[in-house]
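> sequence first, predicted coordinates after that:
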Amino acid sequence: MKRFILALMLTFLIVVNCFAADITLRWNANTENDLAGYNLYYRTDTSVPYDVATPIGEEVDQGFSPIIIQITDPNGLNYIPNVNPEFVITGLDLYLYDYYLVLTAYDNEVPENESGYSNEVNTIGLTTPKNLIASVISQSQIDLDWDALSIRTGVIGYKVYRDGVEVAIVTSNNYSDYTVSVGITYTYTVTSFGQDPVIKSPLSNSSSAMTTDTEPPAPPQNLSLEVISNSQINLNWLEPADNIGVVRYDIYRNDSYIDYTTSTIYSDTGLMPSTLYTYYVVAYDAGGNSSVMLNSVSATTHDPSTNDPPTTSPLSIGGGSSGGGCFINTLMRR
């Protein structure tokens, strides 16, 4: 009896749709000239040997062990030697079963000759985590939680991805991300893995979250007033500290809001003369947080009577009755 020299390296790719998974198996092609096809064996019970497998169709019956699928046309076309084939098993339930798979090659002789088994691959640890939820805890923390997978699935850990980049490996079904920044939306996914962390499950559902700023800015410092005239007072202050930066200042005069500015100076015009005015300033950051009112400063506009222009008496030249005399009314300055 002729035996094939089997040179197969079996690998697989899993695509999950809801609760069922499709496994795409790939292997190195056997190069025998009289190759007829391949036999794919799978089992869920490792205590039962592959050589007692029962033939079935491509649709896998759950829970029976072992099963054999005859693959005569791996690529949907006539088999071409030396072309790496693949085969898709549909409808696997990775939540209920772990699957173990091997492959053999057979020729077209009667009776056919069958090779030895390929390397074995399995789906241990490939159960996809479900119901991932990202929750904002604070402006610097986002927590992740998902359904725990049972020990039966062979899962020993999880890989956490943020925006497609692996950020953590954990053994529990939760993770806290403390490396977030305010105002940025982060999208998370999770995979599971078994004894070999290189082989991981398909990605879980994605969940996004964005932290918001809750820290108010400090009050504006060193508020000072400069009286410019009987109708104008200028305000000046120092920019306060804030974790993300101040974007606006609200100006209050006599406890009433009058205007806002984005700079640290402000000119208040149209005031009444000889009037006392009291001011304070409130800072706002990009998160809408406002500072507290730290202190107020007061000033009085000028008295117009101390700032009027000089007045004059009429200027005249005249002659006296005694001939040729003259007089000048002098300029009177107040």
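All right, it came through fine.
> stretch 206-213: how far from the chain's middle?
Its chain's average C-alpha position is 6 Å from that of stretch 206-213, according to CA atoms, centre = their mean, to the nearest Å.
> so which bits of that stretch are buried?
Neighbour-count burial for stretch 206-213, counted by 16 or more other CB atoms under 10 Å, picks out 207, 209, 211, 213. Backbone N, C-alpha and C define where each C-beta goes, glycine included.
> what about that stretch, average pLDDT?
In this model, stretch 206-213 has an average pLDDT of 92.
> what lies in contact with that stretch?
132-136, 138-142, 144, 180-189, 243-244, 285-289 (CB atoms under 8 Å, 6 or more residues apart in numbering).
> pull it out as PDB, backbone CA atoms only.
C-alpha atoms of stretch 206-213 as PDB (Å, rounded to 0.1, in the frame of the first residue of the first chain):
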ATOM      1  CA  SER A 206     -16.200  47.800  19.900                       C
ATOM      2  CA  SER A 207     -17.100  50.400  22.600                       C
ATOM      3  CA  SER A 208     -16.100  54.100  22.600                       C
ATOM      4  CA  ALA A 209     -15.900  56.700  25.300                       C
ATOM      5  CA  MET A 210     -14.600  60.200  25.700                       C
ATOM      6  CA  THR A 211     -13.500  61.800  29.000                       C
ATOM      7  CA  THR A 212     -14.700  65.300  29.900                       C
ATOM      8  CA  ASP A 213     -12.900  68.000  31.900                       C
END
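> what about the residue nearest the centre of the chain, helix or strand, and which?
Centroid-nearest residue in the chain, with CA atoms, centre = their mean: Tyr186, separated by 0.7 Å. In the assignment (DSSP states H and E), Tyr186 maps to strand 185-193.
> check which element follows that strand along the chain.
Using DSSP H and E, the helix or strand that follows strand 185-193 in sequence is strand 207-210.
> paired strands for that next one, with orientation please.
Each strand paired with strand 207-210, and its direction, by DSSP bridges: strand 185-193 (antiparallel).
> what's the mean pLDDT across the partner strand?
If you average the pLDDT values across strand 185-193, you get 93.
> so the residue nearest to the centre of the chain is in contact with Asp177, correct?
Yes - counting by CB atoms under 8 Å, Tyr186 touches Asp177, with 7.3 Å between them.
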